[in-house]
Every structure is written in C-alpha cells, then in structure tokens.
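Student: Need coordinates for the below:
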Amino acid sequence: MDAEIVGGIAGSAVSYLLVKLEAFATRELNLKENINRALHDLGIELRSIEALLRDAASKKNPDHQFTFWIQEVRDQAYAIEDVLDQFKLHEVKAWRRIKMRHPINNSIKDIEGSLKRIQQTRERYPTITFTRTSSGCNTDHYVRVAPLFNRNLDTVVGIEEPTAKLVSWALEEKQRLEVMFVVGMAGLGKTTLVHSVYNRVKEHFDFHVWITASKSKTTLDFLTLLVEKFGCPITQRAAANVVALTQKLRQLLLIQRYVIVLDDLWVKEVWGDLRLAFPDDGKNSRIIITTRRGDIANSCRDGDSIDIHKLQPLSTEWAAHLFHQKVFSRNGTCPADLEEVSESILQKCDGLPLGIIEIGRLLSIRPLKKNQWKTLHDSLEYELRSSGDLSNIMKVLSTSYKDLPYHLKYCFLYMSIFPENNPVKRRRLVRLWIAEGFVLEGTGKTVEEVGEKYLKELIDRNLIKANELDFDGLPKTVGVHSLMLKMILSIAHEENFCTVCTGGAPRNLTRNTRRLSIQKQDFEVSQPIPRVRSFFSFGIAKIKIDSNFKLLKVLDIQGTPLEEFPSAITKLLLLLRYLSLRKTNIKSIPSSLGHLSQLETLDLKQTLVTKVPKAVLQLEKLRHLLVYRYNMEGIPPFDIVQGFMAAKEISALKNLQTLSFVKASVQRRLSRQLRMIQGLENLTQLRKLGVVELAKEDGTSLCHSIGKMPNLHSLSVASQSMDVPLELDAMTNNPPALLQRLYLKGPLQKFPSWISSLHDLMRIRLKWSSLAENPIPALQNLRHLVELQLLDAYTGTQLEFKSGKFPQLTILDLQQLEQLSSIVMEEGSLPCLQKLIIGQCSKLVDVPRDIDNLIHFQMLVLYDMPQNADQLRRLVHHIPCIHSYKQGQLEVFEED
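Tutor: As a prediction, the model looks like this:
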C-alpha cells in the first residue's frame, strides 16, 4: 500500500479521535480527576502525532519504518475509540458506570504508554523520515505527460466532438480575453483533449505556451516560467518578487494575442494570483485550464468570460472501439469467444480512457484465451495495487484521494460499503456519515447541511458522481466509478476501514473489523468481532445479531426479508445511532425501542409498521423519523401514502428534522390526534413534515403549528379522503418562508393565498384539489418554481400561460383535468420549459397552442390522450422526443 495513503488514513483517524476525545471530556463533567488528567495527557500525545502526520502528507518517499510507524498510530487511534465507546456503553447502562471508572483509567494509561513508545520509536530511529515532494514528480507524471509526446491516434478516440467545440471557442472573434476550465475525473483524457485543441489553434496566436502544473508549484514558479518563455532575463531582485513578475508579464502580454494552457491545476489561490498577470487586451486571447477540481473551476467562474467544459466518459461505442484497437491492433476485431468477457471488462472501465488503455495494453501482450481474460476481470482490485500490473491506474486515481482534507477521506472511503452499480440515496449517505461521527456541526448550520456540503465537495472534486439529478439540480443518488471503487476497496481493506463479504466464507474477518458490508446470502458470524461499528446487509436472506455487535452505531439491513423486529437490537445495541429496516416485512416495533437513547435516524419506510410505541418519546436525540409505505398496486389511489399513528406527545422530540408520514386522524378518539397536531408547534427544527388523513376541522390547528416551523423546507398534507376538504387558509399570517416543496392532496374550496408568498418554492403538486378558480395567476410569479403538477386540481376549461411568467419552470404536469379544452402559451412564456406531461385530459383535442415557441423544450409525454399518430409525427420537427401511452402501450416519436 502507498505510504502516502496509509499516512492519510492514519491522519484522518487521529483527527477524528481528537474531536471525539474533546467532546467526550466536555460531556463527562463528572469524571474523576485522575481520568480527566489522563484524557488531557492523551490529547497532547495525539496532537503531537497529528502534527507529524499532517507534515508527512506534504512529503513523499517514506520508508518502510515510517509506514509501519503510522500503522501503529492508526491502531492506537482505533484503540482510543474502543475505550471511549466502551465507557459510553456502560454509561447507558447506568447501574454499571461506577465499576467502569477504574478500567477506563487503566486503559487510557495503557494507550498513553503505547503512544509514548511510538514517539520514542521514531526518535530512536532517525531514518524514519521522508523527503519533500519536488515539482514535476507526481505519481501520475508519466501518464500525464505521455499524451504530449504520443502521436498514436488511439489516444484521441471519441473526442472529436469536444475538440471541435473547443477549437471553435478558441478561434471565435469576441474581442476579449476568455478562459475555459476543462474539468473531469482523473484518467478521463483532459490533457489529451486540450493538447489536441492546442495543436490546432496555437498557430493563430502570437504567443502560445503549455505549462504542466503541480501541487507544489507556486505563483512565483508559474510567473517565472511564463516570463522565461518570452526569453526575457529575470534579475535577481525580481526573481523572488511576485508583484514585479506580474507587472513584467502583463507588459509582455499586452502587445500579444496569446493562448496559454495550464494543465492539471490543483490550487485555487494560484489561479487567483495569476489572473492579475493576464491583461484583457481585446485581442481574443485564450486561457485553457485542465483540472480534476471542479470546486476550483466553479469558484473561479465569476463572469461570462470564464466557462467550464465538463468532459464526459466515452460512449459505449467509442469505448469498445478504443479497447479493440488497443488489444487487437492488427484488425481491431474482437474474436467471438471473447466478446462476452470483453464487454464485461468494458463495463468495469465505464468509459474511462485511462482504464481502457491500460487494461487493453496488458491484454494485448497476453494470449487471446478466455480463461486468462476472465482471471484478469476477477482480479482487477489486486492488479490495481502498487505491485500489480495495472498500478498506473491506481497511481493516477489515488492522487485525487491524497489531495483530500482529512475530514473528507473517511467520507469518501465510506463508498466502499455499497455494492458496485448500487446507487446510494443522497440523504441516506449524509445521515450515515453523521451517525459515524464524520460530520461536525458548523456555526449556524445543522450537521445535515454540513454533510451536504461535504458531499458537494466530493462531487465537485470528481471523486463521487451524481447518478440521478432531482428536479432542483441536487443529486437523488450518487456512486463512484467502477475503477475508483476498486481503488477504494483496496484502501479500505488494507487500512481496516471496512470489510466487504461478497461470496464464500468470510475469511478476512478479525477481532479488529470495524465495518461490515455483507453482499452475499446467508451470512452468519462464527467468530468474535467485538469492535464492529457498522453493519450493512444488501438483500441477504438471514442475519444473526448477537453480542458481537454491542458497540454498533449503524445497523442498515434494508431489503432483508425480516418478518419480526429483532429483539437483540434493543437488548444489545444500546449505542445505535442509525437504524434502517426499510423494505422489510416487520409489522410492529417493541416498546423496548426506548432503550436506544443514542438513536438519531429510524427508517421504517416501506415496512408494514402503522404505529410507533410511546417509548419513542424517550429518544431525545432522534432527528429523522420515517414510517410510511406506498400502496403501489394498480392506478395510484388517493391514499397511496400509508402513514403511522403517533403518540400525542410526539412534540417531545424537539430535535426532529424529518417527520413522515404521521396520521392526523384516527376516528379522533378523545381528540387525541387533535392534541398531537397542536403539539407539532414545538417541533421548531423540522425541515420536512408529512401529514396524512387530515380532518377538515384540524386544518386550522395544523396551520398554527406549521407557522411555528421557520426552517420547514418540505411540506406534504393529505386530507382524509377525496371528499374531505383541506382547510389551510389560516396559514396566511405566518407561512413557512423557506418552503421549497409543497404537496397538497384533497379538495380546496379556494386556492390558499399564502402560497403566492413562498418565493423559495421550487416544486408544487396539487392533487384532487377540484379548484373552480384558475391557480395559474397565483403561481406564475414564483420566480424559483421549477416543477408544477396539477392532477384533478382544476375544473375550468382553459389554462393560459402569459409572456414573462414562470421564468424557471422546467416541468409542467397536467393530468385528469376533465374539463380542460385549451392550453394557450403566449410567446415568451415558460422560457425554460423542457418537459410537458399531459394525461387523461379527454376534452383537450389539440396540443397546446404556440408550443413551437418553447426554445428549450425537449420532451412531450401523453397518457391516454386523443391525439393521433399523424398529428404527433408532424410535431417531431419541433419537439425532439414524444412519448404517447395509450392503455399502457408506448409509442415513441423522435427527431431524426
């Protein structure tokens, strides 16, 4: 394992433990003086080691002694976590706390002694050292500079379109300096693409230069290189003066039309300084910057003269073409008996040119035998390691990992837990990070908001990818590239971060295993693993929870065919912070749930649970309570969302951020549910609230409670039935100003006027509202509205969209509007509309008037509509794609 990686994970472990140690000491005010002193001394030792590890992160070439030393540091960091969690466990079992004080003191002294020994070991052996990284010596140096000297055309396969686009941009006459950031993950071919562009355009400029950047290059280094490229001597006085060199370079460039390439930029501040040296002389000069760091590109984009080109992986066709050309160099054709394994290898490469080329290079010198290809396919993780035949890929990908700050390394490695090609819900991932203690609450921000920021940075750095975007542009699910996952798995295994069991007997389990991800059938632990903190199963048939898991913080066994709530959870897992039994068949929750005093997330979505015991009120730290399922049989009914009965005192859970979906009416026995609705006003931290079965007479109380929720972002309210009106007018005086998502289901006697004041609203869905009043005028000025759905929400005959209104709307969904006969779209209306859905509007014979004026329109979807095929084919010239469903049968019309 690369020593830089080992040092990085050890540093993350120490930093994480320092925060935990401080929090522990702050919380346990009643610790005996000797324990407090021991904790203090332990913190001093850890800070000393942390400083050394941070310094080591900027160096390279550590020897084997240093590698062994930092592994010892990591092990001791884990040992400290064990002691703190053991104490916490006994604290929860209050009657055993007194007996624990002496053992924790002894354990801390033992660990402190070990840390001192580790320090002394380093002092005793001065050869445990490392040399400073020099510029131009990055681990991926060969892979980076190779495209600059390689004339073989196989390295430019599939980039003709982006090359043409960037060449056109570089040569376009705009009479100003323009900058283009070319952004993408490691190995995607950024350098190759830009070098191709550079060679085509450089002769059109008076001055052209290519500079390969590195993390160690400073602003002074770049300025010196650029001035020297002009052949200008640099005086000794100016050599160390950034201001003098900046002025000199500006003078030289003022008389030139120039194109400059900065390849592989890592440091934002360097570009911020260099910008001052590039004059905007009105001569159509160009600067092209390649970087893996999308966060740098985004932060520098402060005007329309700076643009970003996001490089995409190769398409399936181009990936196969490149692979076959590299492996079968004689004729570029894959033998029939290798087609299946070849396709499987290409799926692992997932369009990444670096992976395709390196694996293709390796296969090109091996016999064309299926068994040997299959062996390579199954051993990719091994081959990627430092001693493997594909180590070049690891070197390039791991550079991005090494560049991460300590607090993001653990978050990124967490992706090792999830199976390949298994998208991870964004909110689930953030909540898991929080449960693990990886996310620290920031000033004025919740831990969820900080966690979202962490995820955004990892996405911007092109380490985690957004698989599916929601309507608001945020990712719904995320994942990592297949080869990146292999790298993560290798690091996670070597550093004991996570143990993944994918088949056969679990041979790599040890007493020190800290996280378990079970991706095989019928798993049962047959050996002690007392230090495991997180347990995941992915659809396995049988699990056994026993005393092995007493320090467990995360239990995520969604999709497991459980019929009953495992009693061991509440008997043994007293430190549990995150519990997900989603998509299981459990029907009830025991009252012993109240024993889980540390629980922050309880996810019972898509289970058969309809009632949560009163004991849930003891979970004072609970932040997310999700108990509901969707009835997906047949046509979605009015009561598609099945919620749960909550105790009337649920208002005691003052830390709740998410509450979905609570039943507001259960025959209103003794006004129990009314008191529950009134009590919601105490949940002032709620971000998301879902209420079903709301009685008409409870509407005013609900409005009053919602008015006390200033942080509410998402609100869903459904009445008792399609015949029971929603009474929500009482919210007029104090609507939730930050609301972004609003779902109302049930008759509305009039449109709630307060909705028009929700200027942050991005999505609104009105279902079975049966409004006689046209809701469009009340919604058209909401400048951030992105999605609007009206389902049996309006009984009028015409909808008119006026010019300049709905400035951001991209999705318009109109269904079951039985009286609607006309939709008018004035020129200049709906300027951003991309998708229009119309379903079961039987009197709407013609498509909306002036639909041709929608310049960004991409897709029309029709459900059981009277339009005939000939009419739709004529529209294809204006609409790229039309889907028409009739009685479940799909007919697609696409632009040629």
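Student: Kindly list the single helix or strand of the protein that scores lowest on mean pLDDT.
Tutor: Least confident element among the helices and strands of the chain, by mean pLDDT, DSSP states H and E: strand 131-132 (a mean of 46).
Student: mind checking the SS state of residue 699?
Tutor: Of the three states, residue 699 takes helix under DSSP: H, G, I helix; E, B strand; the rest coil.
Student: no, scratch that, I was asking about residue 805
Tutor: In three-state terms, and counting by three-state DSSP, residue 805 is coil.
Student: try the one 3 residues further on
Tutor: Here residue 808 is coil, with the state taken from three-state DSSP.
Student: Spit out the contact partners of it.
Tutor: Residues near residue 808 by C-beta atoms under 8 Å, 6 or more residues apart in numbering: 783-786, 832. (C-beta placed from N, C-alpha, C; glycine too.)
Student: Would you list the buried entries among these?
Tutor: Those of the contacts of residue 808 that meet the buried threshold are 785-786, by 16 or more other C-beta atoms under 10 Å.
Student: Which one of the contacts of residue 808 is nearest to residue 565?
Tutor: Nearest to residue 565 among these is residue 786, at 39.5 Å by C-beta to C-beta.
Student: Quick check: the closest one touching residue 812?
Tutor: No: contact criterion C-beta atoms under 8 Å: residue 786 and residue 812 do not qualify, at 10.3 Å.
Student: three-state assignment of residue 736?
Tutor: Look at residue 736: counting by three-state DSSP, its state is coil.
Student: Based on its surroundings, how many neighbours for it?
Tutor: Residue 736 is flanked by 23 other residues according to other C-beta atoms under 10 Å.
Student: tell me what the strand or helix carrying residue 246 is packed against?
Tutor: Per DSSP states H and E: residue 246 is located in helix 242-254. On a contact count with 3 or more C-beta pairs under 8 Å, 6 or more residues apart in numbering; DSSP states H and E, helix 242-254 meets helix 219-229.
Student: Off-centre distance for the helix it packs on?
Tutor: When distances are taken as C-alpha atoms, centre = their mean, to the nearest Å, helix 219-229 is centred 38 Å away from the chain's centroid.
Student: start at 24 instead
Tutor: I'll keep to 24 as the first residue from here, and by that count the last item is helix 242-252.
Student: What's the separation between residue 342 and residue 380?
Tutor: Look at residue 342 and residue 380: by C-beta to C-beta, to the nearest Å, they are 11 Å apart.
Student: circling back to that earlier point, and the next helix or strand after the helix holding residue 269, what does it pack against?
Tutor: Reading on from helix 265-277 to the C-terminus, the next helix or strand found by DSSP H and E is strand 281-286. When contacts are defined as 3+ C-beta pairs under 8 Å, 6+ apart, strand 281-286 sits against helix 213-224, strand 230-235, strand 309-314.
Student: so where do the strands sit in the stretch 574-723 of the chain?
Tutor: In the stretch 574-723 of the chain, the segments counted as strands under DSSP state E, counting those that start in this stretch are 577-579, 601-603, 624-626, 647-649, 652-653, 664-665, 681-686, 711-717.
Student: mind giving me CSV with those strands and columns for distance to residue 915, mean neighbour count and mean pLDDT?
Tutor: Compiled in CSV, the strands of the stretch 574-723 of the chain are given as follows (distance: least, C-beta to C-beta, whole Å; neighbours: other C-beta atoms under 10 Å; pLDDT from 0 to 100):
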stretch, distance to residue 915, mean neighbour count, mean pLDDT
strand 577-579, 39, 23, 95
strand 601-603, 38, 23, 96
strand 624-626, 37, 23, 97
strand 647-649, 36, 22, 97
strand 652-653, 27, 16, 92
strand 664-665, 31, 20, 92
strand 681-686, 36, 22, 94
strand 711-717, 35, 23, 95
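Student: right, and those - which one's nearest residue 610?
Tutor: Using C-beta to C-beta, these put strand 652-653 closest to residue 610, at 11.4 Å.
Student: Relative to residue 193, how far out is residue 205?
Tutor: As judged by C-beta to C-beta, residue 205 and residue 193 stand 12 Å apart.
Student: If you could redo that for residue 635, that was the one I meant.
Tutor: From residue 635 to residue 193 the distance is 62 Å (C-beta to C-beta).
Student: who touches the nearest residue to residue 512 once chain neighbours are set aside in this structure?
Tutor: Leaving out its chain neighbours, the residue that sits closest to residue 512 by C-beta to C-beta, 6 or more residues apart in numbering is residue 439, at 5.2 Å. Residue 439 makes contact with 508, 511-512, 514-515, 520-521, 523, 540, according to C-beta under 8 Å, 6+ apart.
Student: Among those, which are located in strands?
Tutor: The strands, defined by DSSP state E, take in 523, 540 from the contacts of residue 439.
Student: Closest one to residue 366 out of the contacts of residue 439, please.
Tutor: residue 508 (18.7 Å).
Student: residues near the closest one, how many?
Tutor: Residue 508: 21 surrounding residues under other C-beta under 10 Å.
Student: try residue 699
Tutor: Applying other C-beta under 10 Å, we find 24 residues neighbouring residue 699.
Student: Pull up the gap between it and residue 561, please.
Tutor: As for residue 699, its distance to residue 561 is 36 Å (criterion: C-beta to C-beta).
Student: rewinding a little: out of the helices and strands packed on strand 281-286, which comes closest to residue 278?
Tutor: strand 230-235 (9.3 Å).
Student: Now do the closest one: which elements does it pack against?
Tutor: Contacts defined by 3+ C-beta pairs under 8 Å, 6+ apart place strand 230-235 against helix 164-172, helix 213-224, helix 242-252, strand 281-286.
Student: Hey, what's the angle from that strand to strand 281-286? Just curious.
Tutor: With axes from the mean of the first three to the mean of the last three C-alpha atoms, to 10 degrees applied, the angle from strand 230-235 to strand 281-286 works out at 10 degrees.
Student: so what strands line up beside strand 230-235?
Tutor: strand 281-286 (parallel) (DSSP bridges).
Student: next one: the partner strand to chain centre, how far?
Tutor: How far strand 281-286 lies from its chain's middle: 32 Å, per C-alpha atoms, centre = their mean.
Student: what do you get for stretch 332-343?
Tutor: On C-alpha atoms, centre = their mean, the centre of stretch 332-343 falls 22 Å from the chain's centre.
Student: buried sites along that stretch?
Tutor: By 16+ other C-beta under 10 Å, the buried positions in stretch 332-343 come out as 332, 334, 336-337, 341-343.
Student: Could you export those as CSV, including distance to residue 582?
Tutor: Output for those, formatted as CSV (distance: C-beta to C-beta, whole Å):
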residue, distance to residue 582
332, 39
334, 35
336, 29
337, 33
341, 36
342, 32
343, 34
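Student: Quick one: mark the members of the residues you listed that sit in strands.
Tutor: Members of the buried residues of stretch 332-343 lying in strands (criterion: DSSP E): residue 332.
Student: out of the buried residues of stretch 332-343, who's nearest residue 829?
Tutor: Set against residue 829, the nearest of the buried residues of stretch 332-343 by C-beta to C-beta is residue 332 (29.9 Å).
Student: Dig out what the closest one forms beta bridges with.
Tutor: Beta-bridge partners of residue 332, counted by DSSP bridges, are residue 205.
Student: Contacts only, for it.
Tutor: By C-beta under 8 Å, 6+ apart, residue 332 lies in contact with 185, 188-189, 203-206.
Student: Give the buried subset of those as a PyMOL selection command.
Tutor: To isolate in PyMOL the members of the contacts of residue 332 that are buried, counting by 16+ other C-beta under 10 Å, one can use:
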select buried, resi 185+189+203+204+205+206
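Student: Show me which of the contacts of residue 332 is closest to residue 322.
Tutor: Closest to residue 322 out of the contacts of residue 332 is residue 204 (10.5 Å), distances taken as C-beta to C-beta.
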